[in-house]
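A.B. asks: Would you be able to build a 3D model of this:
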Amino acid sequence: MNKYEILKHYFGYAEFREGQERMIDSILAGKDTLGIMPTGAGKSLCYQIPALMMDGITLVISPLISLMKDQVGALNQAGIHAAYLNSSLTVGQYYKALAFAKEGRYPIIYVAPERLVTEEFLDFALHAKISMVAVDEAHCVSQWGQDFRPSYLKIVEFIEKLPVRPVISAFTATATQEVKEDIIDILMLQNPTVTTTGFNRPNLYFSVQSPKDKYETVKTCLLQHPNDSGIIYCLTRKLTEEVCEKLIRDGFSATRYHAGLRDEERQNNQDDFIYDRCRIMVATNAFGMGIDKSNVRYVIHYNMPKNMESYYQEAGRAGRDGEPAECVLLYAGQDVITNQFFIDNNQDNEELDEITRQMVMERDRERLKKMTFYCFTNDCLRDYILRYFGEYGSGYCGNCSNCLTQFETVDVTEEAKAIIGCVAGCRQRYGVTVIIDTVHGANTAKIRNYRMNENPFYGSLAKTPTHRLRRIFNELQLQEYLTVTNDEYAIVRLTEKSGNGLPDDWTMQMKMAKEAEKQEKVSAAKKSGRGKASAAGELTAGQQTLFEALRSLRAELARAEKVPPYIVFSDKTLTHMCLVKPKTKEQMLTVTGVGEFKFEKYGERFLQVLEEYALAVSESR
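C.D. replies: Have a look, this model is predicted:
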């Protein structure tokens with residue numbers, strides 16, 4: 001079979017997505033290849049299709065057990081023999097899989113980087129024909145990446161031991177220019193074909209909120225998604241437990257995941273989510289890498305993550321099927337302090353020398369600052385993300401909370417001067433809250449103890465609401481007139497732009513939302529007008545009934561096969577069935593995601609449900 005026949009027969013797609021064909025052709029031509037593609041853009045097909053066409057075995061280096069299980073499960077469901085070799089296998093299972101590999105049963109084998117240089121695996125690899133080594137989540141090789149893993153450095157050591165150098169391909173969803181160059185250098189890619197398809201995910205709606213009650217905001221969001229799967233990320237294990245307990249108490253179908261749970265419980269909870277036995281996963285950032293669950297309709301960040309790379313990777317777990325999905329970030333000032341604590345006490349970089357460790361820590365602080373600015377900006381959120389990764393959008397996406405909010409340009413010169421003056425007047429000794437309380441004229445014990453009631457600017461902005469003062473303070477940070485120190489006390493400091501005083505004719509303007517509460521309702525209305533964030537959101541009431549019938553059949557088949565429902569067919573495929581309403585095999589094969597192998601396995605059952613629906617509709621007329 002050629003690449004087009006493989007694409008349709010095994011994976012059910014009629015055409016390649018952007019960038020896929022170029023990378024496949026590069027690999028088949030024997031060239032090293034680096035692909036940078038957003039989550040859900042189809043990176044895995046770029047090495048899986050060549051693997052089925054090359055003479056030999058493709059080794060896929062993958063960082064997580066869950067990722068391997070998902071990928072191998074999906075391949076086996078599609079009729080492709082694949083296996084994984086990692087610590088989840090018993091000794092007997094491992095040697096059996098290795099024996100089958102030696103017999104050439106698997107064109108694709110997933111392996112953890114730690115396994116590469118073990119005696120048993122090397123014995124296999126040195127006597128097998130390795131045609132390609134594909135490095136998934138390739139950013140893990142770079143100490144400048146957001147998820148550096150020293151075990152990834154074993155990849156180069158392994159490749160150097162092979163009698164014949166295979167084609168090397170590497171793939172990642174999030175890589176700045178610095179990380180991209182690192183991947184090429186460390187993996188020693190030879191004149192690689194580099195393909196960056198862009199970081200934009202148009203189907204994702206981005207929103208940043210600073211609610212007084214985060215939990216109530218989460219509940220409101222969940223009630224808008226009663227039947228949808230979603231992930232809620234929390235910064236700490238304790239908060240993960242608290243939020244999950246509250247959700248269960250309030251009647252939501254929720255489970256939790258963090259590094260403090262026993263391995264067995266963590267795996268069971270993950271399976272409950274993946275197999276749709278639980279709709280909501282509350283988790284720390286320990287959850288998610290390599291989870292291929294395609295029908296996640298929302299990702300809520302209960303706290304701000306420590307950098308844009310982590311945020312975009314985690315948010316990107318929503319809408320992998322290309323259908324509308326929501327990414328909501330709930331920001332509070334305490335999130336900055338918590339993240340700073342994590343950076344200062346990071347145990348992951350102990351293998352680095354002291355100078356490099358300090359450099360990494362300084363870089364992490366800078367990335368935290370840029371993440372914080374994302375939460376402050378009134379500009380297009382999507383544009384901010386794209387600019388961070390070196391791309392430039394139009395400045396207006398029409399699908400984020402900022403673009404859907406009406407702003408007006410306001411002169412805030414007097415307020416800005418008072419805040420800067422207050423910082424200078426206290427000789428840059430206090431934090432944000434003290435500064436805001438001082439200019440607002442708060443009569444608290446702390447203000448009196450610090451003698452801030454004697455500051456020249458005390459009470460000068462008493463009539464300005466506190467939330468407005470905070471927005472102006474954030475804008476002063478964005479425009480680099482003020483900065484906040486990266487330590488546990490988070491002290492406000494003047495910068496080069498403000499330290500020597502402001503010019504007499506200095507002014508400052510900023511965008512302010514018009515009537516915030518009213519505008520939020522407008523935004524919600526506009527958002528609902530774009531279509532519900534659901535793969536079946538565009539369906540009519542009748543088609544929605546059909547969708548649920550197809551989903552019910554899918555769940556039944558998935559239970560029988562002991563696989564996640566989305567492995568049988570994605571929500572996007574079921575939605576397409578509802579729109580096409582196929583009656584024959586030929587028509588069913590035009591549905592996206594339905595290939596020959598899956599039709600032979602499931603097609604007749606789905607055609608039967610479609611026929612029963614059509615009959616019921618005709619009888620009701």
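A.B. asks: got any ranges where the chain has weak pLDDT?
C.D. replies: Applying pLDDT under 70 to the chain picks out residues 144-146, 289-290, 347-352, 487-488, 515-538, 621.
A.B. asks: Just say helix, strand or coil for the closest residue to N307 other than its chain neighbours.
C.D. replies: Once flanking residues are discounted, N307 sits nearest to R367: 3.8 Å by CB to CB, 6 or more residues apart in numbering. Using the backbone N, CA and C atoms, a C-beta is placed for each residue, glycine as well. Classification of R367 using DSSP: H, G, I helix; E, B strand; the rest coil returns helix.
A.B. asks: who touches R367 in this structure?
C.D. replies: 146, 306-309 (CB atoms under 8 Å, 6 or more residues apart in numbering).
A.B. asks: how far away is whatever residue is furthest in space from the centre of the chain from S460?
C.D. replies: The outermost residue of the chain, judged against the average C-alpha position, is E454 (47.9 Å), by CA atoms, centre = their mean. For E454, the distance to S460 equals 13 Å [CB to CB, to the nearest Å].
A.B. asks: What's the local residue count around the closest residue in space to I491 that isn't next to it in sequence?
C.D. replies: The shortest distance from I491 to any non-neighbouring residue, by CB to CB, 6+ apart, is to T485 (4.6 Å). Close neighbours of T485, defined as other CB atoms under 10 Å, add up to 14.
A.B. asks: residues touching L162, list them.
C.D. replies: 125-126, 130.
A.B. asks: Would you write a PyMOL line that selects the buried entries of these?
C.D. replies: Burial among the contacts of L162 is assessed by 16 or more other CB atoms under 10 Å; the matching PyMOL selection reads:
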select buried, resi 125+130
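A.B. asks: For the contacts of L162, give me CSV that also has distance to P38 and secondary structure.
C.D. replies: Compiled in CSV, these are given as follows (distance: CB to CB, whole Å; DSSP: H, G, I helix; E, B strand; the rest coil):
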residue, distance to P38, secondary structure
A125, 32, helix
L126, 37, helix
I130, 29, strand
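A.B. asks: which one of the contacts of L162 is nearest S151?
C.D. replies: A125 (16.6 Å; CB to CB).
A.B. asks: quick one: that closest one and I159 touch, right?
C.D. replies: No. The pair A125 / I159 is not scored as a contact, 9.8 Å apart, by CB atoms under 8 Å.
A.B. asks: domains in this protein, as residue ranges please.
C.D. replies: 3-196, 204-388, 407-513, 541-620 (automatic domain parsing).
A.B. asks: Quick one, which of those gets closest to S401.
C.D. replies: Nearest to S401, of all the domains of the chain, is domain 204-388, at 3.9 Å by CB to CB.
A.B. asks: Can you get me the start-to-end distance on that closest one?
C.D. replies: 17 Å (CA to CA, to the nearest Å).
A.B. asks: ok, now stretch 34-48?
C.D. replies: Per CA to CA, stretch 34-48 runs 15 Å from first to last residue.
A.B. asks: so how far is that stretch from its chain's centroid?
C.D. replies: Its chain's C-alpha centre and that of stretch 34-48 lie 15 Å apart, by CA atoms, centre = their mean, to the nearest Å.
A.B. asks: Same check on stretch 539-559?
C.D. replies: Relative to the chain's own centre, stretch 539-559 is displaced by 27 Å; criterion: CA atoms, centre = their mean.
A.B. asks: Now do the residue nearest to L589 when sequence neighbours are not counted against N339, distance only.
C.D. replies: Leaving aside its chain neighbours, L589 sits nearest to F599 (6.2 Å; criterion: CB to CB, 6+ apart). To N339, F599 is 49 Å away according to CB to CB.
A.B. asks: before we move on, what about V218?
C.D. replies: 20 Å.
A.B. asks: same deal with K511?
C.D. replies: Taken as CB to CB, the span from K511 to N339 is 26 Å.
A.B. asks: quick one: which of these two has more around it?
C.D. replies: N339 (24 against 17).
A.B. asks: Tell me which helix or strand the nearest residue to the more buried one once chain neighbours are set aside sits in.
C.D. replies: Distance criterion CB to CB, 6+ apart; nearest residue to N339, sequence neighbours excluded, is K306 at 4.3 Å. Using DSSP states H and E, K306 sits in no helix or strand.
A.B. asks: Neighbours of R551, how many?
C.D. replies: By other CB under 10 Å, 18 other residues sit near R551.
A.B. asks: picking up where we left off before, residues contacting the residue farthest from the centre of the chain?
C.D. replies: Taking CB under 8 Å, 6+ apart, one finds nothing in contact with E454.
A.B. asks: cool, and the one 3 residues further on?
C.D. replies: Contact analysis of F457 by CB under 8 Å, 6+ apart lists 418-419, 421-422, 425, 438-439.
A.B. asks: would you turn those into JSON lines with neighbour count, distance to C578 and secondary structure?
C.D. replies: JSON lines is the format used below for those (neighbours: other CB atoms under 10 Å; distance: CB to CB, whole Å; DSSP: H, G, I helix; E, B strand; the rest coil):
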{"residue": "A418", "neighbour count": "24", "distance to C578": "59", "secondary structure": "helix"}
{"residue": "I419", "neighbour count": "28", "distance to C578": "55", "secondary structure": "helix"}
{"residue": "G421", "neighbour count": "18", "distance to C578": "62", "secondary structure": "helix"}
{"residue": "C422", "neighbour count": "23", "distance to C578": "60", "secondary structure": "helix"}
{"residue": "G425", "neighbour count": "17", "distance to C578": "65", "secondary structure": "helix"}
{"residue": "T438", "neighbour count": "29", "distance to C578": "60", "secondary structure": "helix"}
{"residue": "V439", "neighbour count": "26", "distance to C578": "58", "secondary structure": "helix"}
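A.B. asks: Going by distance to Q479, which of these wins?
C.D. replies: Checking the contacts of F457 one by one against Q479 (CB to CB), the nearest turns out to be I419, at 12.2 Å.
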